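K.L.:
Give the three-dimensional model of this entry:
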Amino acid sequence: MAESTSKLLKSLRQNIASVFMGNSLAIDRVITCLLARGHILIEDVPGVGKTVLATSVAKSIDGTFARIQCTPDLLPSDITGINIFDQSSSSFQFKAGPVFSNIVVADEVNRTTPRTQSALLEAMSENSVTIDGDTKRLDSPFMVIATQNPYEFEGTYFLPENQLDRFLMRIHLGYPSPDDESRVLQQQPSRTQLSELAPVMSSSDVCQMQEQVDTIKIADSLIEYIIELSTATRNAEDLQVGISTRGGLALTQVAKATAMLAGRDFCVPEDVISNVLPVCAHRIVSRAYMQDGDTNATRRIMQQVLETVPIPS
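P.N.:
Sure, this is the predicted structure:
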């Protein structure tokens, strides 16, 4: 990997960490998704820094950035844009929505209606939107960083499995350690730090690094390992839906991006193992979840599968 790429990634990490303190793994997860051309869903209780993390990533890149505050009255056209009739020219002019940005932060995505969620998630999967029969391509790079509160909170709408599948990763932040929380409390308000955050790389830099990820080597034994993991979930009695082919492709791409972030041009088993839960847990459906809504069952079962499938040497 080029030295310039390593320096850029180091600068990106440091820039984000100057505002979002303590959880370096979460920072790496978001950067990995960016490198892998994916989108990420950050789920946790209010007040643990979901929006700070998402916004700090967006502001660290010198591209276009938009933030969508998802509310129950948000319309699909508020996200994608709308054709407006211009009387002076007697024609319709397209007013682009926030989705036509390099980095889109969708705050509290599960507080908006399923219809509006679908408009955003369609753009994520197709990298384009169709408005009045006209298909418009989105900018490149394009990444959605969505946040949501746990479903136990009032005023939330479930994201169905087929829409969750559009996210390359789903991660949880958790509470900071006492030392990290002390640092946060002693610092100036995060909104002040965010306003002063300057970009450390351009959008073209991101595109070049995404192309470099495609050149990272992954051994046949690791591909077989991913297939064995997928097959094990499909055959698991406690699962109703296992890892799909799309899930296997996602895990492969994330493993490559993880290797690149570590400064390697080849994958090792840990690049796959460390990403199985954030990449795959939201793509499988447990019977316990279908019966009594146990949202933690899939992670437990996925961990059990990891422990049973032999790791390639």
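
K.L.:
Where do the domain boundaries of the protein fall?
P.N.:
As given by automatic domain parsing, the domain ranges for the chain are 1-199, 215-305.

K.L.:
can you list those domains in a markdown table and add mean pLDDT, distance to residue 208 and mean neighbour count?
P.N.:
C-beta coordinates here come from the backbone N, C-alpha and C atoms, glycine included. Listed next are these as a markdown table, based on pLDDT from 0 to 100; distance: least, CB to CB, whole Å; neighbours: other CB atoms under 10 Å:
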| stretch | mean pLDDT | distance to residue 208 | mean neighbour count |
| --- | --- | --- | --- |
| domain 1-199 | 88 | 8 | 17 |
| domain 215-305 | 90 | 11 | 18 |
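
K.L.:
closest to residue 209 out of the ones you listed?
P.N.:
Relative to residue 209, the nearest member of these by CB to CB is domain 1-199, separated by 5.7 Å.

K.L.:
Tell me the gap between that closest one and the middle of its chain.
P.N.:
Domain 1-199 has its C-alpha centroid displaced from the chain centroid by 8 Å (CA atoms, centre = their mean, to the nearest Å).

K.L.:
most centrally placed residue in this structure?
P.N.:
residue 40 (1.0 Å; CA atoms, centre = their mean).

K.L.:
Spit out the contact partners of the closest residue to that one other than its chain neighbours.
P.N.:
The shortest distance from residue 40 to any non-neighbouring residue, by CB to CB, 6 or more residues apart in numbering, is to residue 33 (4.4 Å). Shown in contact with residue 33 (CB atoms under 8 Å, 6 or more residues apart in numbering): 39-40, 143, 168-169, 254, 257.

K.L.:
What backbone torsions are found at residue 33?
P.N.:
The phi/psi pair for residue 33 (degrees, to the nearest 10) reads phi -60, psi -40.

K.L.:
Tell me which stretches of the stretch 1-150 of the chain form helices.
P.N.:
With helices called from DSSP state H, counting those that start in this stretch, the stretch 1-150 of the chain shows them at 3-17, 24-35, 50-59, 76-80, 114-126.

K.L.:
what's the closest of the ones you listed to residue 199?
P.N.:
helix 50-59 (6.7 Å).

K.L.:
how close does the residue nearest to residue 40 sit to residue 312?
P.N.:
Counting by CB to CB, to the nearest Å, the separation of residue 33 from residue 312 is 25 Å.

K.L.:
try residue 72
P.N.:
For residue 72, the distance to residue 312 - CB to CB - is 48 Å.

K.L.:
And for residue 170?
P.N.:
With CB to CB as the criterion, residue 170 and residue 312 are 26 Å apart.

K.L.:
repeat for residue 178
P.N.:
In terms of CB to CB, residue 178 sits 39 Å off from residue 312.

K.L.:
quick revisit: next, format the domains of the chain as JSON lines and append distance to residue 206.
P.N.:
Compiled in JSON lines, these are given as follows (distance: least, CB to CB, whole Å):
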{"stretch": "domain 1-199", "distance to residue 206": "5"}
{"stretch": "domain 215-305", "distance to residue 206": "12"}
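
K.L.:
hang on, the earlier thing: same list (the helices of the stretch 1-150 of the chain) but as a markdown table, adding distance to residue 135.
P.N.:
Compiled in a markdown table, these are given as follows (distance: least, CB to CB, whole Å):
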| stretch | distance to residue 135 |
| --- | --- |
| helix 3-17 | 32 |
| helix 24-35 | 25 |
| helix 50-59 | 26 |
| helix 76-80 | 11 |
| helix 114-126 | 9 |
